[in-house]
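> this is a predicted model, with the sequence first.
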Amino acid sequence: MSEPAAGAGDAGVQPCERVAIIGCGLMGGSFALALRRAGLARHIVGYSATPATLDTAVAHGVIDSRAGSAAEAAEQADLILLAVPVGAMAESFRAIAPVAPSHALIMDVGSTKSDVVAAARAELGDRLANFVPAHPIAGKEKAGAAAADADLYLNRRTILTPLPGTPDARIDRATALWQAIGCTVVQMAADRHDTAFAAVSHFPHLLAFVYVNGLLDQPDGASLLAYGGPGFRDFSRIAGSDPAMWRDVLLSNRDEILAQGRAFRQALDALETDLIQGDGKALAARIARASEARSGWQLSTGLPPEPACARNTPPAAGSTSR
């Protein structure tokens, strides 16, 4: 097991007496394990809609006790993490709003943010100020509590998209907790987040699903899979992702994803034109451009400078990257 994240257990990061994990699968379970290892959770209670998930979470030491509902888990909690599919966020907010303590920090780990913020505004009532939306850029193609991993968030980014008016103290608390389990924390507006991640995460997943389904739809598709090698393995890996999660992500960010589809369709059309015309020079140039860009890419823990058009968007409260 890896060492605790740098800064974990620092005097400035106050441990939580009671942590509520709503959704004890990969993301929520990994957060629970990372908090526990960092000494930042004295008692972790979990709730999942599927009883078998709770059984697994208890068996793997992800949670200390189980709750019969999201509301029961949230009662008396200092920290409430919603790790459910984004389509279930509104229902979860509605359940916890009447019982969440006034001092509690509420966060989510959803892959889209504008819809989650809208659900929070509609359902959290006077607990809206407790909510700091979060998106840790981490994951696996495996889902469920058995896949939970205390190392999942080490050396990863977490994006916070605070609402205007969110108290700085809660943003600071959220930042400190994610940093303590190994993340670099940055902030950006929710709409900018959804545009960016449609391009670099959501649409690539859509392409992987389309590609594998396109193979299976061919008369000999099943046999073609047997010929797959490292290229197929690497390109199709994310097609093994959780169906419920990605159904909700694609639907909730559909406008941005459809815009990406139009852009990528143009790129595909241009390359197909080169093939039709037998234009090897143009084809090689397109391949070289992509190859050079991908060869120079590195997994980053920060964010690139915003383009000029994005800088015109008023930043969220406390929008300085940390």
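Good, I have the coordinates.
> kindly report the domain assignment for this protein.
19-189, 193-295 (automatic domain parsing).
> can I get the ones you listed in CSV including distance to Val13, mean pLDDT and mean neighbour count?
Every residue, glycine included, has its C-beta placed from N, CA and C. Below are those laid out as CSV (distance: least, Cβ to Cβ, whole Å; pLDDT from 0 to 100; neighbours: other Cβ atoms under 10 Å):
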stretch, distance to Val13, mean pLDDT, mean neighbour count
domain 19-189, 5, 94, 21
domain 193-295, 25, 92, 14
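> from one end of stretch 93-102 to the other, what's the distance?
The first residue of stretch 93-102 is 14 Å away from its last residue (Cα to Cα, to the nearest Å).
> do the same with stretch 160-179
End-to-end distance for stretch 160-179: 12 Å, by Cα to Cα.
> for it, the distance to its chain's centre please.
Put simply, stretch 160-179 sits 17 Å off its chain's centre (Cα atoms, centre = their mean, to the nearest Å).
> begin at 353 from here
Yes, from this point I'll number from 353; that puts the last item at stretch 512-531.
> tell me who's in contact with Tyr505.
Taking Cβ atoms under 8 Å, 6 or more residues apart in numbering, we find Tyr505 in contact with Ala357, Ser382, Phe383, Ala386, Pro488, Ala490, Trp530, Ile533, Gly534, Cys535.
> and Arg418, by the same measure?
Val397, Gly398, Tyr399, Leu406, Ala409, Val410.
> okay, helices next: where are they in this protein?
Counting by DSSP state H, one finds helices in the chain at the ranges 378-389, 403-411, 422-426, 441-448, 466-475, 520-532, 542-549, 555-568, 573-577, 582-588, 595-604, 606-629, 632-647, 660-663.
> of all the ones you listed, which one is nearest Leu506?
Leu506 sits nearest to helix 378-389 of all these, at 8.0 Å, using Cβ to Cβ.
> tell me what that closest one is packed against?
strand 371-374, strand 396-399, strand 431-434 (3 or more Cβ pairs under 8 Å, 6 or more residues apart in numbering; DSSP states H and E).
> next, format these as a markdown table and append distance to Phe584.
Output for the helices and strands packed on helix 378-389, formatted as a markdown table (distance: least, Cβ to Cβ, whole Å):
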| stretch | distance to Phe584 |
| --- | --- |
| strand 371-374 | 35 |
| strand 396-399 | 37 |
| strand 431-434 | 35 |
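> between those, which one is nearest to Lys465?
Minimum separation from Lys465 across these (Cβ to Cβ) falls at strand 431-434, 12.7 Å.
> sheet partners, orientation included, of that closest one?
When sheet partners are counted by DSSP bridges, strand 431-434 sits next to strand 371-374 (parallel), strand 457-460 (parallel).
> Throw those into a markdown table and include distance to Ser647, thanks.
Formatted as a markdown table, the strands paired with strand 431-434 follow (distance: least, Cβ to Cβ, whole Å):
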| stretch | distance to Ser647 |
| --- | --- |
| strand 371-374 | 40 |
| strand 457-460 | 35 |
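> of all the ones you listed, which one comes closest to Ala497?
Using Cβ to Cβ, these put strand 371-374 closest to Ala497, at 9.9 Å.
> from the chain's centre, how far out does the closest one sit?
Centre-to-centre, strand 371-374 and its host chain are 17 Å apart (Cα atoms, centre = their mean).
> who's in contact with it?
By Cβ under 8 Å, 6+ apart, the surrounding residues in contact with strand 371-374 are 380-381, 383-384, 387, 393, 395-400, 414-415, 419, 422, 425-426, 429-436, 444, 448.
> on that earlier part again, out of the strands paired with strand 431-434, the one nearest Ala640 is which?
strand 457-460 (41.2 Å).
> grab the CA positions of the closest one and hand them over as CSV.
Extracted in CSV, the C-alpha atoms of strand 457-460 (Å, rounded to 0.1, in the frame of the first residue of the first chain):
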residue,chain,number,x,y,z
LEU,A,457,-19.8,20.1,4.0
ILE,A,458,-21.7,18.5,1.1
MET,A,459,-19.8,17.4,-2.0
ASP,A,460,-20.4,15.3,-5.1
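> please report how far the residue positioned nearest the centre of the chain lies from Val438.
The chain has Ser463 as the residue nearest its centroid, 3.9 Å off, counting by Cα atoms, centre = their mean. Distance, Ser463 to Val438, by Cβ to Cβ, to the nearest Å: 7 Å.
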